[in-house]
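Chemist: Fold the following.
(one chain, ligands or ions: 1)
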Amino acid sequence: MKQIIPLEINFTYQDSRRRIYPVLLTNKDEVILVDCGYPGFLPLIKEEAEKNDIDLNNLSTIVITHHDYDHMGALAEIKEEYPKVTIASSLLDEKYISGKEKSLRLQQAEALYDTLPFEKRAHAEWFQNTLKSLRTAKVDLKLNDHDIMPWAGGTEIIATPGHMPGHISLYIKNYKTLIAGDALVIEEGKLAIANPNYTLDISEAKRSVKKLLDYEIQRIICYHGGEFNKNIRDSLLEVIKEA
Ligand SMILES: [Zn+2]
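Modeler: So this is what the prediction gives:
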């Protein structure tokens with residue numbers, strides 16, 4: 001059985017067609033989901049999992065790479081449907097995912113609001129309200145940099161701060177595969193740093209990409225963009241170099 005299964009989730013959001021890639025990891029009878037889409041996405045995830053012969057009743061763990069709306073949106077509803085699921089995140093992101101502290105994305109949006117021209121304020125208010133409506137969930141397992149989990153035969157947690165300070169990526173050793181979350185995205189066929197407007201610390205994000213050079217990577221799965229598997233090393237160097 002395949003141990004790494006990227007799920008291609010197609011949907012319409014704010015009138016545009018979009019696509020994200022949560023990933024399933026398997027281990028004997030256990031299924032691990034990495035990131036879970038927007039609120040209401042459980043049926044879409046279930047459907048894609050079934051296409052890949054995966055029964056979500058075997059879901060044991062959900063890993064959240066960082067507490068953005070599109071990565072943890074469906075977390076509370078999945079926990080309700082599968083109460084035994086363990087929720088895992090970085091130690092740094094735990095307080096935001098569990099709702100103990102105000103989301104960094106919301107803090108950013110609130111801080112920017114006063115600088116916005118009048119015509120952009122309605123959208124900004126909508127965005128803030130959307131973030132405020134995000135349902136939180138208790139984190140059961142706090143992950144640290146370089147922790148090794150048994151998922152897919154051995155998965156290393158890599159702290160990749162930048163987009164958000166608590167962002168993590170996952171390296172699956174047997175398959176030389178990196179699940180990048182939003183540490184990297186694919187834009188026009190190339191690897192890139194995620195939208196700078198939403199990357200809280202760009203230089204830190206680049207340092208995180210530099211850190212990835214220490215790993216032998218043959219395949220990168222980006223949440224936005226999907227699979228990337230050509231000239232990985234050169235592509236990573238390119239991302240670090242870009243101004
Ligand atoms: Zn994000």
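
Chemist: From the ion, how far off is the most centrally placed residue in the chain?
Modeler: Compute the mean C-alpha point of the chain, and by C-alpha atoms, centre = their mean the closest residue is Gly181, 3.6 Å away. To the ion, Gly181 is 7 Å away according to C-beta to the ion, to the nearest Å. (Each C-beta comes from the backbone N, C-alpha and C, glycine too.)

Chemist: Surely that residue and His167 touch.
Modeler: Yes. If you go by C-beta atoms under 8 Å, Gly181 and His167 touch, sitting 6.1 Å apart.

Chemist: Now the common contact residues for these two.
Modeler: Residues touching both Gly181 and His167 by C-beta atoms under 8 Å, 6 or more residues apart in numbering: 65-66, 160.

Chemist: can you redo these as JSON lines with distance to Cys222 and neighbour count?
Modeler: Listed next are the shared contacts of Gly181 and His167 as JSON lines, based on distance: C-beta to C-beta, whole Å; neighbours: other C-beta atoms under 10 Å:
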{"residue": "Thr65", "distance to Cys222": "11", "neighbour count": "29"}
{"residue": "His66", "distance to Cys222": "14", "neighbour count": "28"}
{"residue": "Thr160", "distance to Cys222": "12", "neighbour count": "29"}
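
Chemist: Would you mind listing what in the chain touches the ion?
Modeler: With C-beta under 5 Å from the ion as the criterion, the chain comes near the ion at residues 68, 182.

Chemist: Contacts only, for Asn58.
Modeler: Contact partners of Asn58, counting by C-beta under 8 Å, 6+ apart, are 29-31.

Chemist: Find the closest residue to the ion in this structure.
Modeler: Residue nearest to the ion within the chain (C-beta to the ion): Asp68, separated by 3.4 Å.

Chemist: Need the nearest residue in space to that residue, chain neighbours excluded.
Modeler: Distances taken as C-beta to C-beta, 6 or more residues apart in numbering place Arg105 nearest to Asp68, at 6.0 Å, with adjacent residues excluded.

Chemist: For the protein, which residues score under the pLDDT cut-off?
Modeler: Flagging of the chain using pLDDT under 70 yields the residue ranges 243.

Chemist: That concludes my questions; thank you for your assistance.
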